[in-house]
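Visitor: Predicted model, plus sequence, below.
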2 protein chains.
Amino acid sequence: MIETIEAKINNLHVGQKAEFLETISEPRIKEFAKLSGDYNPHHIDETYAKKTKYKKRICHGMLLASFFSKLTAMYLPGTGSLYFSQTLNFIAPAFIDDEIKIHGEIMRISHSTGIITIKTKIMRENTTLVMGEAKVLIP
Amino acid sequence: MIETIEAKINNLHVGQKAEFLETISEPRIKEFAKLSGDYNPHHIDETYAKKTKYKKRICHGMLLASFFSKLTAMYLPGTGSLYFSQTLNFIAPAFIDDEIKIHGEIMRISHSTGIITIKTKIMRENTTLVMGEAKVLIP
């Protein structure tokens, strides 16, 4: 477990990293479906999923993306920061009971605007599942 | 309420639109904090929020983005589609009890790849809160 930190621009440096693990449990997928209203059968219907390319249910991409929200808000740069933008490229799916690693690395720090650019990535072992770039503002 | 549809590339056309309303209730913000692990005080701490620019708690940006997941998976292009990418520009915050409109419009349809490009937007009355572009695949 890594520690939550408060976002302070002078404590940050380019190349700074943070990562943590999450498990894609079945209740999490159900909760995300309920919260978002996304009941796509790819995520919630086992019979449907068996007939797809992946042969089983997959995690909502946007549930994976929600861990980037945790990454930026809690660790890199930390609490008090605000989302400015995020790009998301969904490369491979996560399945139920997968353990995934959420990883971020600071690419740029703008002292004039307070905007921090972070390369964000989700991996399952050596497989990249999601890649993107977050920009967050330290007010 | 609009009807859920099954994604079929031949039923889609450029300029096709879908929209629906959501309310940012307090329990939703709490549930998203729990699900994502994003306990940024901007979202959950009223005392902290009073001292910020916005003077009150704001909705997680990624909770707003989760409604794009509903938009693409349920209505435009519909069930069976899979997320390929999404860009998110967080322009203004949503507050507790705000009613917001989630809107999508098809910009491009690629029959060779099955990828549909959708302009996605969240509004509160005339204020744009989130803008972005979704690409979804119809397998």
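Guide: That came through fine.
Visitor: At which residues are the strands of chain A located?
Guide: For chain A, strands defined by DSSP state E occupy the ranges A:17-23, A:82-90, A:99-109, A:115-124, A:127-137.
Visitor: Show me what counts as buried in the first one.
Guide: Read that as strand A:17-23. Along strand A:17-23, these residues count as buried under the neighbour rule (16 or more other C-beta atoms under 10 Å in any protein chain shown): A:Ala18, A:Phe20, A:Glu22. (Each C-beta comes from the backbone N, C-alpha and C, glycine too.)
Visitor: and chain A, which of its residues are near chain B?
Guide: A:4, A:22, A:28, A:31-32, A:35-42, A:52-53, A:60-63, A:65-70, A:73-74, A:79-90, A:139 (C-beta under 8 Å from any C-beta of the partner chain).
Visitor: let's see it at 7 Å
Guide: Residues of chain A lying close to chain B by C-beta under 7 Å from any C-beta of the partner chain are A:28, A:31-32, A:35-42, A:53, A:60-62, A:65-67, A:69-70, A:73-74, A:79-80, A:82-90, A:139.
Visitor: could you measure A:Leu12 against chain B, distance?
Guide: Distance of A:Leu12 to chain B, given as C-beta to the nearest C-beta, to the nearest Å: 17 Å.
Visitor: try A:Glu3
Guide: Applying C-beta to the nearest C-beta, the value for A:Glu3 to chain B is 13 Å.
Visitor: contacting residues for the closest residue to that residue other than its chain neighbours?
Guide: Counting by C-beta to C-beta, 6 or more residues apart in numbering or on different chains, A:Glu3 lies nearest to A:Tyr75, which is 8.0 Å off, once chain neighbours are set aside. Listed by C-beta atoms under 7 Å, 6 or more residues apart in numbering or on different chains, the contact set of A:Tyr75 reads A:Ile2, A:Thr4, A:Ile5, A:Ala18.
Visitor: any chance of those in a markdown table, with pLDDT too?
Guide: Below are those laid out as a markdown table (pLDDT from 0 to 100):
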| residue | pLDDT |
| --- | --- |
| A:Ile2 | 81 |
| A:Thr4 | 93 |
| A:Ile5 | 94 |
| A:Ala18 | 97 |
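Visitor: Any chance of a markdown table for these, columns distance to A:His103?
Guide: Formatted as a markdown table, the contacts of A:Tyr75 follow (distance: C-beta to C-beta, whole Å):
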| residue | distance to A:His103 |
| --- | --- |
| A:Ile2 | 12 |
| A:Thr4 | 17 |
| A:Ile5 | 16 |
| A:Ala18 | 8 |
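Visitor: Inside helices: which ones of these?
Guide: Secondary structure from DSSP state H places none of these in helices.
Visitor: Which pair in the residues you listed has the greatest spatial separation?
Guide: Maximum pairwise distance among the contacts of A:Tyr75 (C-beta to C-beta): 10.5 Å, between A:Thr4 and A:Ala18.
Visitor: Any stretches of chain A with poor pLDDT?
Guide: A:1 (pLDDT under 70).
Visitor: show me the contacts for A:Ile102.
Guide: A:Glu19, A:Phe20, A:Glu22, A:Phe67, A:Phe68, A:Leu71, A:Ile122.
Visitor: and what of A:Thr72?
Guide: Contacts for A:Thr72 (C-beta under 7 Å, 6+ apart) come out as A:Ser81, A:Tyr83, A:Ile118, A:Ala134, A:Val136.
Visitor: Please pick the buried ones from the residues you listed.
Guide: A:Ser81, A:Tyr83, A:Ile118, A:Ala134, A:Val136.
Visitor: which two from those end up farthest apart in space?
Guide: Largest separation among those by C-beta to C-beta: A:Tyr83 and A:Ile118, giving 10.8 Å.
Visitor: Overlap in contacts, those two.
Guide: Overlap of the contact sets of A:Tyr83 and A:Ile118 (by C-beta under 7 Å, 6+ apart) consists of A:Thr72, A:Val136.
Visitor: Can you tell me which of the contacts of A:Ile102 is nearest A:Lys101?
Guide: Once C-beta to C-beta is applied, the member of the contacts of A:Ile102 that ends up nearest A:Lys101 is A:Glu19, at 5.7 Å.
Visitor: For that closest one, which non-adjacent residue is closest in space?
Guide: Nearest to A:Glu19 is A:His103, by C-beta to C-beta, 6+ apart, at 4.3 Å.
Visitor: got the CA coordinates for stretch A:62-70 in PDB?
Guide: What follows is stretch A:62-70 as a C-alpha-only set of coordinates in PDB (Å, rounded to 0.1, in the frame of the first residue of the first chain):
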ATOM      1  CA  MET A  62     -14.500   3.000 -17.800                       C
ATOM      2  CA  LEU A  63     -14.200   1.100 -14.500                       C
ATOM      3  CA  LEU A  64     -10.500   0.600 -15.300                       C
ATOM      4  CA  ALA A  65     -10.300   4.300 -16.100                       C
ATOM      5  CA  SER A  66     -11.800   5.100 -12.700                       C
ATOM      6  CA  PHE A  67      -8.500   3.800 -11.200                       C
ATOM      7  CA  PHE A  68      -6.700   6.700 -13.000                       C
ATOM      8  CA  SER A  69      -9.000   8.900 -11.000                       C
ATOM      9  CA  LYS A  70      -7.600   7.300  -7.800                       C
END
